[in-house]
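Participant: sequence unknown, structure follows:
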């Protein structure tokens, strides 16, 4: 930042940086090939698991229900989130190519944040769906009809797009005159704001406000929904039914805790300049670990999905 003070006024108000350098994980960069293999396997497993969910949901008519519709959209978003970040990280680990152009950097930031924001709004919708299914079972088919489900998903994307677009455009309009090393493994608004040599307080507060609105609104809706679900489960007459329901809920809550915990830690603080190193580790959890766990926790443990997978595989063998 001090570099800008010695520059002429006309250069001080503009952007001279044409590309950024993603620092990655410098402390363990010597383990690049091992880290490449680990992250490649995690990436492929995440894509495969989420793709299976989308494919099976579309192919099997028994899974054409609101719950699996929302899960398939969520899996699609997870594929997008990991694909926006992990391929570039793999290139860093394998080839040590850390350079990313100015435009590509902000495109990556937009795709990651847009899909992530839509995903958190969708989590709130999925929580409401489970609340209606468990707490209002007699009215479930009436309330969660196909039109309502489509409108809810559309609302998630419609709300996320202008909010994230506005924030990314705001950050892109800041002046970047050096340094150009991003202390992260992908382009995120916090590290980018940190690199700006202009007054970035308004952009910083906007990022904080949007994170607060999106994450905490989704979190509050999810907590209220699951609190009511737990109360309903406790009142179930059968101990076996209670145990089964609690087992499912606890698995979901583990994934939700990882997602909300890491994102709240990264984004819901007014000073983005602090704790950038710790943000990097938290972001790794959010971009690698949770997308890998989601298919297992949400769907692949489900008996209906297992049956649909077995029947699909049998049909494939017969067709051969």
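Facilitator: Ah, there it is. Here the structure is a predicted model, which means the values were calculated and not measured.

Participant: tell me the pLDDT of residue 144.
Facilitator: Predicted confidence (pLDDT) for residue 144: 94.

Participant: how many other residues sit next to the closest residue to it other than its chain neighbours?
Facilitator: Nearest non-adjacent residue to residue 144, counting by Cβ to Cβ, 6 or more residues apart in numbering: residue 66, 4.3 Å away. (Glycine included, C-beta is placed from N, CA and C.) Neighbours of residue 66 under the rule other Cβ atoms under 10 Å: 22.

Participant: next one: residue 179
Facilitator: Number of residues near residue 179 (other Cβ under 10 Å) recorded here: 15.

Participant: give me the neighbour count for the nearest residue to it once chain neighbours are set aside.
Facilitator: Among residues not flanking residue 179 along the chain, residue 195 sits closest, at 6.5 Å (Cβ to Cβ, 6+ apart). By other Cβ under 10 Å, the residues close to residue 195 number 19.

Participant: and what of residue 223?
Facilitator: When neighbours are defined as other Cβ under 10 Å, residue 223 has 13 of them.

Participant: leaving out sequence neighbours, find the closest residue to the residue nearest the centre of the chain.
Facilitator: For the chain, the residue whose C-alpha lies nearest the mean C-alpha position (Cα atoms, centre = their mean) is residue 116; its distance is 3.6 Å. Distances taken as Cβ to Cβ, 6+ apart put residue 81 closest to residue 116, at 5.8 Å, once the chain neighbours are dropped.

Participant: name the helix or strand for the one you found, please.
Facilitator: Using DSSP states H and E, residue 81 falls within helix 66-95.

Participant: with residue 48 instead?
Facilitator: Per DSSP H and E: residue 48 is located in helix 32-59.

Participant: tell me the mean pLDDT for the helix or strand where residue 266 lies?
Facilitator: Secondary structure from DSSP H and E places residue 266 in helix 239-267. For helix 239-267, the mean per-residue pLDDT is 75.

Participant: so what's the residue nearest to the centre of the chain scoring on pLDDT?
Facilitator: You'll see residue 116 listed with a pLDDT of 93.
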